[in-house]
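S.K.: Using only what follows, build the 3D model:
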Amino acid sequence: MDDCPEPARMMAADSGTAASSRTEGLLNAQRDRHQSAVTSDVRTAFSSDQLLSLETEFSVSMYLTRIRRIGIAQRLSLSEKQ
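M.R.: All right, here's what the predicted structure looks like:
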């Protein structure tokens, strides 16, 4: 009977491994969130004229067609994604 490990020891070893895996998973998730925040795009600082034009446009229609979006971007000297 000495060859078989005690059930309490087996459970303690298993729970330690599970806790270690959970901790590692949490640390990885935190690292991933931090890296995605670091690599995010730079925020655009719009001029007063650009803001006024965009606000006026969106008060008329919140949903723009691609053609309209391109036209606004060109008129305001912005990229289509800004």
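
S.K.: Can you give the domain ranges for this protein?
M.R.: Domain assignment for the chain, taken from automatic domain parsing, gives 1-40, 43-82.

S.K.: Could you tell me the least trusted of those domains?
M.R.: Looking at these, the lowest mean pLDDT belongs to domain 1-40 (a mean of 67).

S.K.: what about the helices in this protein?
M.R.: For the chain, the helices defined by DSSP state H cover 7-38, 48-60, 66-75.

S.K.: Let me know which of the domains of the chain is tucked in deepest.
M.R.: domain 43-82 (a mean of 11; mean count of other C-beta atoms under 10 Å). Placement of C-beta: from N, CA and C, glycine included.

S.K.: Could you work out the end-to-end span of it for me?
M.R.: 9 Å (C-alpha to C-alpha, to the nearest Å).

S.K.: Same question for stretch 58-66.
M.R.: 14 Å.

S.K.: list the contacts for the closest residue to Arg75 other than its chain neighbours?
M.R.: Leaving aside its chain neighbours, Arg75 sits nearest to Ser53 (7.4 Å; criterion: C-beta to C-beta, 6 or more residues apart in numbering). When contacts are counted by C-beta atoms under 8 Å, 6 or more residues apart in numbering, Ser53 is found next to Ile72, Arg75, Leu76.

S.K.: Equivalent analysis for Gln50, please.
M.R.: Per C-beta under 8 Å, 6+ apart, neighbours of Gln50: Leu76, Leu78.

S.K.: Please apply the same query to Leu64.
M.R.: Glu57, Ile72.

S.K.: how close does it sit to Arg43?
M.R.: Counting by C-beta to C-beta, to the nearest Å, the gap between Leu64 and Arg43 amounts to 20 Å.
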